[in-house]
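S.K.: kindly return the folded structure for what I paste below:
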Amino acid sequence: MPRDDEQAMYYRDFRLSITQALGDQLASALADLEAAALTEEHLAELDDRPGVYQLYRNGEFVYVGKADKSLPTRITKHLRKISGRRNIALSEMTFTCLYVAEDFSALAPEKLLIKHYKSQGEIPWNNNGFGNNDPGKRRDETVVKANHFDNLHPIDVDRVLTSLPQGPVVLRKLLSLAAKEIPYTFRYLKKGYGNAYKTIVEVPREPTISRLFEVIAAALPGNWQIALLPGRAIMYPDNQRTYPSVWRYYRGEQILDVEPEIEEAGEIPEEEEHDEDDQ
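M.R.: Numbers count the residues shown, from 1 in each chain. Reported below is the predicted structural model:
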């Protein structure tokens with residue numbers, strides 16, 4: 001036996017990390033790809049297959065994600081989200097992706113990549129709420145942190161909507177069409193509204209989202225409001241209620257801009273991603 005101060009050169013412990021090896025191989029395979037512009041044309045060339053993907057902003061690697069069923073469906077969700085935000089442009093964004101076998105998704109390949117890259121201080125958007133889904137009505141009271149994606153890139157209400165019908169439209173139909181075209185969550189009460197949505201409204205030609213909200217709010221009963229949070233718009237019959245992170249209210253014919261409450265920067269929990277058809 002060697003003494004305590006001697007090191008045996010003919011034996012040692014061996015630890016095999018299969019997950020680390022997989023993460024390293026995934027990162028290497030993605031690094032060999034040439035990033036493409038984040039456009040509908042490029043996404044249309046992808047197959048509806050599961051996989052992992054990476055997003056880049058101005059050449060900087062910012063996010064890694066997964067698609068359990070369809071890469072183009074999942075990445076299109078990000079394209080739509082970014083297109084409706086301020087302080088960022090789709091022209092700044094590129095992506096790469098890898099198809100993976102369906103049974104490989106059980107190994108959580110995106111988590112292998114996240115572990116690989118976090119040690120290098122990369123993927124800032126995996127830590128700022130970018131991939132989180134709409135948190136639902138119960139969390140509309142949440143105060144947004146200063147370093148959250150929604151605070152850094154709040155919703156854009158000056159975007160022009162080009163696909164809405166022009167002229168008189170039943171409010172119920174207009175709300176459904178608007179929720180599909182607005183490139184971020186527009187959540188509103190869909191049941192128990194009585195006659196509130198039977199009103200006929202006059203839709204101007206290619207309105208901005210803000211102008212559309214003005215038209216809708218003016219047609220609603222007096223106890224309703226549309227509230228703009230950093231990452232979404234909500235509409236409920238609760239105009240006496242205030243939300244801490246709201247920056248604008250539409251109440252009847254009144255538009256009220258307010259100073260949102262923003263929490264100091266801190267850790268932001270990253271929620272599990274889901275494909276569009278899983279939500």
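S.K.: just the CA atoms of the helix or strand residue 54 falls within, as CSV, please.
M.R.: Assigned by DSSP states H and E, residue 54 falls within strand 51-57. What follows is strand 51-57, C-alpha atoms only, in CSV (Å, rounded to 0.1, in the frame of the first residue of the first chain):
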residue,chain,number,x,y,z
GLY,A,51,-36.2,18.9,-31.2
VAL,A,52,-34.2,21.6,-29.5
TYR,A,53,-33.4,25.1,-30.7
GLN,A,54,-31.3,28.1,-29.9
LEU,A,55,-32.1,31.8,-30.4
TYR,A,56,-29.6,34.6,-31.0
ARG,A,57,-30.0,38.3,-30.8
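S.K.: contacting residues around the residue nearest to residue 118 when sequence neighbours are not counted?
M.R.: Residue nearest to residue 118 in three dimensions, not counting chain neighbours: residue 126, with 7.7 Å by Cβ to Cβ, 6 or more residues apart in numbering. Every residue, glycine included, has its C-beta placed from N, CA and C. Residue 126 sits next to 63, 64, 114, 118, 270 when contact means Cβ atoms under 8 Å, 6 or more residues apart in numbering.
S.K.: likewise residue 158?
M.R.: 208, 209, 210.
S.K.: now with 7 Å, please.
M.R.: 208, 210 (Cβ atoms under 7 Å, 6 or more residues apart in numbering).
S.K.: quick one, phi psi at it?
M.R.: As for residue 158, its main-chain torsions (degrees, to the nearest 10) stand at phi -90, psi 0.
S.K.: can you check residue 72 too?
M.R.: According to degrees, to the nearest 10, residue 72 has phi -60, psi -40.
S.K.: could you do the one 4 residues further on as well?
M.R.: Phi and psi for residue 76, reported as degrees, to the nearest 10, are phi -60, psi -30.
S.K.: please, where are all the strands along this structure?
M.R.: 36-37, 51-57, 60-67, 93-99, 144-145, 167-170, 185-188, 200-203, 225-229, 232-236, 248-251, 254-257, 262-263 (DSSP state E).
S.K.: residue ranges with poor pLDDT in the stretch 151-279 of the chain?
M.R.: 270-279 (pLDDT under 70).
S.K.: ok, 80 please
M.R.: Applying pLDDT under 80 to the stretch 151-279 of the chain flags residues 192-194, 269-279.
S.K.: returning to what we had before: centre of the chain to the strand holding residue 54, how far?
M.R.: 14 Å (Cα atoms, centre = their mean, to the nearest Å).
S.K.: outside of that strand, which residues touch it?
M.R.: Among residues not part of strand 51-57, those counted as contacts by Cβ under 7 Å, 6+ apart are 26, 30, 35, 61-67, 71, 75, 78, 92-100, 109-110, 113.
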